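Engineer: structure, please.
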Amino acid sequence: MPGISSFLSRSINTHQIYGANTNVGKTIISTILTRAAALNYPQEQTWYLKPISTGEAKDADDSHVKRFTGDLPNVTPKCLLQYSEPVSPHLVAGPSPPSDHSVLSQVSNYLNMAASSGPGSFFLETAGGIHSPTLNRIPQADFYRPLRLPTILVADPHLGGISTSIAAHEGLHIRGYNTDAVFVFRDNYYRNHEYLQSHFASLSKPIPTIILPGPPSRQENPAEDQKALGAYYEVVSGSKLIKRTLEMLKETHEMRCEALETLAQRAQDRIWWPFAQHSELLAPGKITTIDSAHGDFFSTLSPSSNSSASASALASASSPNLLQQTHDASASWWTQGLGHANPQLTLAAAHAAGRYGHVMFANAIHEPALRLADSLLQTLRNPRFQRVFYSDNGSTGVEVALKMGMRAARVRYEWTDKKDVEVLGMDGNYHGDTMGAMDCSESNIFNESVEWHKGRGYWFKPPTVLLRKGVWEVRQPSGEVETFKGLEGVMDVEKRVGGKMYEMYCRRVRGELEKAIIGDGRRFGAMIIEPIILGAGGMVFVDPLYQRALVDTVRASADLFSIGFAKSAGEFTPTSDSNAWTGLPIIFDEVFTGLYRLGTPTPSSFLGPKTHPDIGIYAKLLTGGLLPLSATCASKSIFEAFLSGKKEDALLHGHSYTAHAVGCEVACTSLEVMNNGDEEGVWNAYKEDWNAHTTTTTHNAVAPWSVWSKSWVHDISSHGNVDGVIALGSVLAITLKTSEGGYASSAAQNMLARMREERWEELDGGNVMARPLGNVVYFMAGQKTSVDVLRGVQGVIAKVL
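Structural biologist: Purely as a prediction, here's the structure:
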C-alpha cells in the first residue's frame, strides 16, 4: 500500500490528543479545546474527530463533544468507526478488520477536506493510552505515526500518574512526535501537576503544562450531571488560560510552517552538499525539504508551498497539505531496508543509548558488539570468516580490508623492499570516497579530479549481463553476445563452470596476470571486487561466471605472485588450514550488495558454494538504514598475519566511535528481522513469480529472484527508450538509450525530474525521489516494501518512459 503523508496545513491548526492512560480525561480536554476554539474564533470552523470508538453510540466521545458544543454552529464532531462493545478496539474488530492503511486514508482524507474548507482548528482524539492497540493490534503511537500530527498529551493526575505521564511522553518522543502542550487536572492530594509542570519545563525543549481544575463529580441524576458538566465547560473553555493556550498553539503551528517553508533557503547559505555541483543545486526548487519519513516514504514540502515551483507542479498540487508523500526510490543511498522510523530499530537504539551511550572499544568489550559479531558470521555462513573488525562506514571498512589484505600478502611473500603494491580489481568498481578506497578504482568522475588520487591497481574488464527485449544477454568487452532463456540460466554458475566459457575466462585472467606481473613487473597484494553488481559504477551486472573464474584463477596463481622470491610457489600455500587464503587475499566489497540486497544474505552464494572471500565488508543494510556502522570480516589466516610481539605489527586502525553500542544493538535487531523474514518465507511470492515457470534446473544453492514483477521487467526491457534492464533482489536498474553513456551523462535527468515534480495516482498522489547514475536510472526497494508500493512505482516508471 502506498504511504500516508504527514499532515501540515497553514489553514488549519491540527492537534492529536493522546492520553497517558485510560480515564485521564482526554474527551474532557478535547471538549474544552473544541468549545474554546469555536468561541474564540467564531469565523472559523472547529473540527473534532474520533477515528475509532467503542461502546454505545449515545456514550461515544463524539456524542459527548456534540452534546456540549451543540450551541455552537461552527463545530463539527465526527467518528469514523463505531463499535458497540465497550472494550479495546482489537477485541471488537472481528476476523477481518479494516486495514490500517484504509483507516489512516480516511483520517487523511478528512483532514484534507477540513483544511480545504477554510481556516480553523482540528482536534483528533485517540483511544486509551499511547500503546493501546488499534483494530489490527498495532499500538496507537505506531499506527498514527505516518500522519505525525502535533500532539497534546493529557497527563494522569491519579496515583502513579507521574510515571505513566512521563513514560507516555517519552514513548511519543522517540517515535518522532512533537508534543506542543501537556494538560493535567489539578489534584491537591496527589499533586502530580506540580511535579509534571517542573519536569516538562526542564526538558531541552520545554513543553508548557496547562493545569486545569478537575471536572465536577458525577451526579446520580443524569440531568443534574449534564447541567454541572455544562457549567464546567462554559467556565473553563471561556477562561483566559485556555484562550492563551489556543494562541500559543496557533503561534507554534505558524512557526512550524514558516520554519519548514524557509528551510531550504536558509540551508543554501550554510550546507555543503555531497555529490552536488552547487552552481546547479542552488537553482530554485532543486533542494527537497524533508519534514519526516516513515516506511518507504519521505514527507516533503509540497511544490505548491514553494513560490519557485514549476507551473506543472503547482497545477498538480491541489491538496491544502503543505506536505506530500515522496517515495524514497534510492533507499536513501542504498541504506534503507526495514522502513524509515521502524519502531523496532528505534527502540533498539534507545535501549543501547540508555544502557551505554558510547563507550570506548580499546581493550574492552560490550555485549551488543559480541552479539553482532556472532549474528553476522552466522548470517553470512562463510567458513573462512572468524574475526570481525568494526569501523564507521563502508568506505572506512574498505580501508580496513585493504590493510588486512596487503599485510597478509607482505607477510606471506616476505616483501622487504619499498616497491609499490597494487590491487587487482574490476573496471567499473567503486569502493568509497576515502583516499585508499578511491585508489582501488580506475580513473572515473569520482576520483579523476582529486589531487592525491593515484589509481593503484589493474582493472579487469568484465563481461556484463543485461535484459534486452525480453532476452538475457552476457556481453563480452569485445562485443560478442551469448543469450540465455532466463536469468536462472545466467546465474547457474555450477553448471556453467563445466563449459568452454569458464575455461576461456580462466585463460583470459591468467594471461592478463602474466602480462602485468611478468611483462610489466607489477606487484599485487590483494584482489577487491563488488560481487555480482557494481553499484556506483553504474549498476553494472557482471557475469557471475566471470567473477567465479577470476577468484578461482587468482587463488590458483601463487606461482605468479611469488615470482622473484626465494620460496617456491608450493611453500606459499599453507596446508594445515583448508580455509587459508591462497594466491592473493580475496576481498568482497558487499557494502551495497550484501545482507539480502540481492535476495540472499551474501551475493557470494551466486558464485558457488565454495567461492567465499577471505575478507568481506558489510554496511548500509547492516543497521537497517538507521545509522552508520561497518563490519569487516576476516579469516584466521588474515588475522594471524598481524600477530607478533611488536605493537607496530598490529592493525593500527580505529575510530573514536568504533563498535558504538547503539549501532551494534540496532544491527543485531536488523539482522534478526531480515533473517526471520527469510526463514518465514516473506519473500516466497516474489521467488515464485521469478521461478515458478522456469524449465531450467539450477545447480546453484539459490535461484535468482526479484521483488520487481518478472513480466513487467521483461516488458520494460522492450521499451523504445530502454537499452536494457537488470532486476535482482530489491535492485532495479534501467539503462536508457543515449549517445553519451557513463556517469557524466544527463540522459536520466528529465525522467527523474518528471517523477519528482508530478504527483502520481499510482502512489496516492505522491511523487518519486530517485537518483541517476549517468544514463542509468535505478530504483531500490526495501526488504519490507509492500507489493502495492512496488507495483505503484512500476506504474509511474512505465508512464515516464
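Engineer: residue ranges of the strands in the stretch 451-600 of the chain, please?
Structural biologist: 457-460, 464-468, 471-475, 481-484, 524-529, 533-534, 540-542, 586-589 (DSSP state E, counting those that start in this stretch).
Engineer: can you redo those as CSV with distance to Ser279?
Structural biologist: Where C-beta positions appear, they are placed from N, C-alpha and C, glycine not excepted. Shown next, in CSV, are the strands of the stretch 451-600 of the chain (distance: least, CB to CB, whole Å):
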stretch, distance to Ser279
strand 457-460, 32
strand 464-468, 34
strand 471-475, 37
strand 481-484, 41
strand 524-529, 34
strand 533-534, 29
strand 540-542, 29
strand 586-589, 32
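Engineer: buried deepest among the ones you listed, which one?
Structural biologist: When you average the neighbours per residue for each of the strands of the stretch 451-600 of the chain (mean count of other CB atoms under 10 Å), strand 586-589 leads with a mean of 29.
Engineer: so what touches it?
Structural biologist: 394, 398, 401-402, 405, 429, 431, 526-531, 551, 554-555, 594, 602-604, 613-617 (CB atoms under 8 Å, 6 or more residues apart in numbering).
Engineer: which element follows it toward the C-terminus?
Structural biologist: Counting by DSSP states H and E, the next helix or strand C-terminal to strand 586-589 is strand 615-618.
Engineer: tell me which other helices or strands that following strand touches.
Structural biologist: The helices and strands touching strand 615-618, judged by 3 or more CB pairs under 8 Å, 6 or more residues apart in numbering; DSSP states H and E, are helix 367-380, helix 394-413, strand 586-589, strand 630-635.
Engineer: got the ones you listed as TSV, with distance to Val787 and mean pLDDT columns?
Structural biologist: As requested, the helices and strands packed on strand 615-618 are exported to TSV (distance: least, CB to CB, whole Å; pLDDT from 0 to 100):
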stretch	distance to Val787	mean pLDDT
helix 367-380	25	98
helix 394-413	30	95
strand 586-589	31	98
strand 630-635	31	98
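Engineer: reformat those into CSV and put distance to Thr483 next to each item.
Structural biologist: What follows is those, written out as CSV (distance: least, CB to CB, whole Å):
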stretch, distance to Thr483
helix 367-380, 33
helix 394-413, 35
strand 586-589, 28
strand 630-635, 37
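Engineer: wait, which of the ones you listed is closest to Pro95?
Structural biologist: Closest approach to Pro95 among the helices and strands packed on strand 615-618 (CB to CB): helix 367-380, 35.8 Å.
Engineer: would you mark the buried spots in the closest one?
Structural biologist: Using 16 or more other CB atoms under 10 Å as the test for burial, helix 367-380 gives Pro368, Ala369, Leu372, Ala373, Ser375, Leu376, Leu377, Thr379, Leu380.
Engineer: which residue, neighbours along the chain excluded, lies closest to the second one?
Structural biologist: Same thing as Ala369. Spatial nearest neighbour of Ala369, chain neighbours left out: Ala659 (4.4 Å); criterion: CB to CB, 6 or more residues apart in numbering.
Engineer: for Phe389, see how far away the one you found is.
Structural biologist: Using CB to CB, to the nearest Å, Ala659 is found at 9 Å from Phe389.
Engineer: which of the two has more neighbours?
Structural biologist: Taking other CB atoms under 10 Å, Ala659 and Phe389 do not tie; Ala659 has more neighbours (26 against 23).
Engineer: distance of that one from Val673?
Structural biologist: The gap separating Ala659 from Val673 is 21 Å, by CB to CB.
Engineer: repeat that for Ile517.
Structural biologist: Counting by CB to CB, the separation of Ile517 from Val673 is 46 Å.
Engineer: which parts of stretch 443-463 are buried?
Structural biologist: By neighbour count with 16+ other CB under 10 Å, stretch 443-463 contains the buried residues Asn444, Phe446, Asn447, His453, Gly455, Arg456, Gly457, Tyr458, Trp459, Phe460, Pro462, Pro463.
Engineer: output it as PDB, nothing but the C-alphas.
Structural biologist: C-alpha atoms of stretch 443-463 as PDB (Å, rounded to 0.1, in the frame of the first residue of the first chain):
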ATOM      1  CA  SER A 443      40.100   6.900 -13.100                       C
ATOM      2  CA  ASN A 444      36.400   8.000 -13.200                       C
ATOM      3  CA  ILE A 445      34.300  11.000 -12.500                       C
ATOM      4  CA  PHE A 446      34.500  10.400  -8.700                       C
ATOM      5  CA  ASN A 447      38.300  10.500  -8.400                       C
ATOM      6  CA  GLU A 448      40.000  11.900 -11.500                       C
ATOM      7  CA  SER A 449      39.800  15.500 -10.200                       C
ATOM      8  CA  VAL A 450      41.100  14.600  -6.800                       C
ATOM      9  CA  GLU A 451      44.600  16.000  -6.400                       C
ATOM     10  CA  TRP A 452      46.000  13.000  -4.400                       C
ATOM     11  CA  HIS A 453      44.400  10.300  -6.400                       C
ATOM     12  CA  LYS A 454      46.700   7.600  -7.900                       C
ATOM     13  CA  GLY A 455      44.900   4.500  -9.200                       C
ATOM     14  CA  ARG A 456      46.900   1.600  -7.700                       C
ATOM     15  CA  GLY A 457      45.700  -1.400  -9.500                       C
ATOM     16  CA  TYR A 458      45.000  -3.500 -12.500                       C
ATOM     17  CA  TRP A 459      41.400  -3.500 -13.600                       C
ATOM     18  CA  PHE A 460      39.900  -6.500 -15.400                       C
ATOM     19  CA  LYS A 461      37.200  -5.600 -17.900                       C
ATOM     20  CA  PRO A 462      34.200  -7.800 -17.100                       C
ATOM     21  CA  PRO A 463      31.500  -9.200 -19.300                       C
END
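Engineer: who's in contact with that stretch?
Structural biologist: For stretch 443-463, contacts defined as CB under 8 Å, 6+ apart pick out 420-430, 433, 435, 438-442, 474-477, 509, 512, 516, 522, 524, 536-537, 540, 542-543, 546-547, 550, 742-744.
Engineer: who are the packing partners of the helix or strand harbouring Ile17?
Structural biologist: Using DSSP H and E, the element containing Ile17 is strand 12-19. Helices and strands touching strand 12-19, by 3+ CB pairs under 8 Å, 6+ apart, are helix 26-40, helix 100-116, strand 120-129, strand 151-154, helix 161-173, helix 240-267.
Engineer: one more pass at 6 Å, please.
Structural biologist: Counting contacts by 3 or more CB pairs under 6 Å, 6 or more residues apart in numbering; DSSP states H and E, strand 12-19 is packed against helix 26-40, strand 120-129, strand 151-154.
Engineer: and Gln476, how many neighbours?
Structural biologist: With other CB under 10 Å as criterion, Gln476 counts 18.
Engineer: residue contacts, it?
Structural biologist: Pro463 (CB atoms under 6 Å, 6 or more residues apart in numbering).
Engineer: check what pLDDT it gets.
Structural biologist: pLDDT, Gln476: 96.
Engineer: likewise Thr738?
Structural biologist: For Thr738, pLDDT reads 83.
Engineer: before we move on, the earlier item: I'd like to know which of the contacts of stretch 443-463 are buried.
Structural biologist: In the contacts of stretch 443-463, burial by neighbour count holds for 421-430, 433, 438-442, 474-476, 509, 512, 516, 522, 524, 536-537, 540, 542-543, 546-547, 550, 743, counting by 16+ other CB under 10 Å.
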